[in-house]
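Participant: Sequence first, predicted model second:
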Amino acid sequence: MPSPRRTLRALKSVAASTVRVARRRRRGQRVSPRWSFLYAVGVDYLRAGFAYLENLSHADYRREMEAMTVPDPVERRVEISAVTIAGRAVEVLRPRGVAAERTILYLHGGSYHYGSALTHRPITLRLALAASAEVLVVDYRLAPEHPYPAGLEDAVAVYEAIVQGRARPGSLVIAGDSAGGGLTGALILALRERGIAKPAGAAMICPWVDLAVRDGSMIRNAELDWLDHRTIDELARGYAAGASFEDPLLSPIRGIAEGDPSALPPILVQVGSLELLVDQAVDFAEQARAAGVDVALRVWEDMVHDWHLFASFDRQGMAAIEEIAAFAVRVTD
């Protein structure tokens, strides 16, 4: 957990973002009428925070990213524990007083270099509650210390261990955001390639599915999204570590239209219209649909990358999580 000093600094940063947004609004500067005041504060907070983190080492970046996570009152409604599955640390989230009717294997985002179960609790806590699910958040190995295919191999190993002893494939959904969304796509392709039983469904949130792309919405939305498009190439190369971006297990968009579509689960793709990754997420879903895969694409108008992280204070984030929960209920029922 973040120290009190770091939590205080995070709250001060929120206050600074609040002042900046208030000043812009007084000048009539609004990105979208769909953005509430708090949503605009959230975008500014993430943009400013990640600009500050750019000059840190990977280890310090990870610690500071966790420190940006402010306390969440929803934690009182969820039992949080830690287990080890297939040699990896896994955070287990279970709604208190409610029988978990399904399991969600969650792969957090963070450009394959950062992120943790803690940084993504604004999503995973609410997903556990909305889906009446046991959510398992995997601490997969991160680049550059552990580049591709380490994270994917961790995800495969944890999935296999879960279906062998903890949950049936028919009651299991894989979900992930950003790089974790790309890893979700890579995982279902790897399961198909290895002949391992598919899960009931896969939810890909703002997924990074094409590590080679540097144009289109990467440029068009650069001034709107909080992601920094200037670091994409470095992060992609750091994860790939010399492997080709054309490898479908690195860039799942390269493999989604290949092979037997019935060996893949139903897929939900969510993406914001103002984020860097919208073009590739749409292309991925369209290629999957054309190949016969059961895929639902939802482009949320005027939303930025991972707006789900704002669910504690903005209705759009919570609505997107509820959509994922409804998908998980449908495919497992």
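Facilitator: Okay, I see it.

Participant: And the strands in this protein?
Facilitator: Here the chain has its strands, by DSSP state E, at 78-85, 88-95, 102-107, 133-138, 172-177, 201-205, 267-272, 295-300.

Participant: so where's the stretch 1-150 of the chain shaky on pLDDT?
Facilitator: Filtered on pLDDT under 70, the stretch 1-150 of the chain yields the residue ranges 1-7, 52-53.

Participant: what about 50?
Facilitator: For the stretch 1-150 of the chain, no stretch is flagged by pLDDT under 50.

Participant: all helices of it, in order?
Facilitator: In the stretch 1-150 of the chain, the helices defined using DSSP state H, counting those that start in this stretch lie at 4-26, 37-53, 58-67, 121-131, 150-165.

Participant: Extract the C-alpha set from the third one and format it as CSV.
Facilitator: So the one you mean is helix 58-67. C-alpha atoms of helix 58-67 as CSV (Å, rounded to 0.1, in the frame of the first residue of the first chain):
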residue,chain,number,x,y,z
HIS,A,58,11.3,1.6,-13.9
ALA,A,59,11.3,0.6,-10.2
ASP,A,60,10.6,4.2,-9.0
TYR,A,61,7.9,4.6,-11.7
ARG,A,62,6.1,1.5,-10.5
ARG,A,63,6.2,2.7,-6.9
GLU,A,64,5.0,6.2,-7.8
MET,A,65,2.3,4.8,-10.0
GLU,A,66,0.9,2.9,-7.0
ALA,A,67,1.2,6.0,-4.9
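
Participant: quick revisit: indicate which one of the helices of the stretch 1-150 of the chain is closest to residue 191.
Facilitator: Closest approach to residue 191 among the helices of the stretch 1-150 of the chain (Cβ to Cβ): helix 150-165, 7.0 Å. For every residue, glycine as well, the C-beta is placed using N, CA and C.

Participant: Packing partners of that closest one?
Facilitator: Under the contact criterion of 3 or more Cβ pairs under 8 Å, 6 or more residues apart in numbering; DSSP states H and E, helix 150-165 touches strand 78-85, strand 88-95, strand 102-107, strand 133-138, strand 172-177, helix 179-194.

Participant: now it against strand 102-107, angle please.
Facilitator: Note on geometry: by axes from the mean of the first three to the mean of the last three Cα atoms, to 10 degrees, helix 150-165 and strand 102-107 are set 170 degrees apart in direction.

Participant: Let me see the mean pLDDT of stretch 182-193.
Facilitator: Mean pLDDT, computed over stretch 182-193, is 98.

Participant: Tell me which residues of it come out buried.
Facilitator: 182-192 (16 or more other Cβ atoms under 10 Å).

Participant: Closest one of those residues to residue 8?
Facilitator: Taking Cβ to Cβ as the measure, residue 8 lies nearest residue 183 of these, at 33.2 Å.

Participant: returning to that earlier point: got CSV for the strands of the chain, with mean neighbour count too?
Facilitator: Converted to CSV, the strands of the chain look like this (neighbours: other Cβ atoms under 10 Å):
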stretch, mean neighbour count
strand 78-85, 14
strand 88-95, 20
strand 102-107, 27
strand 133-138, 27
strand 172-177, 30
strand 201-205, 29
strand 267-272, 26
strand 295-300, 18
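
Participant: Go through those strands and name the closest to residue 231.
Facilitator: Closest to residue 231 of the strands of the chain, according to Cβ to Cβ: strand 172-177, at 17.5 Å.

Participant: With that, I have no additional questions.
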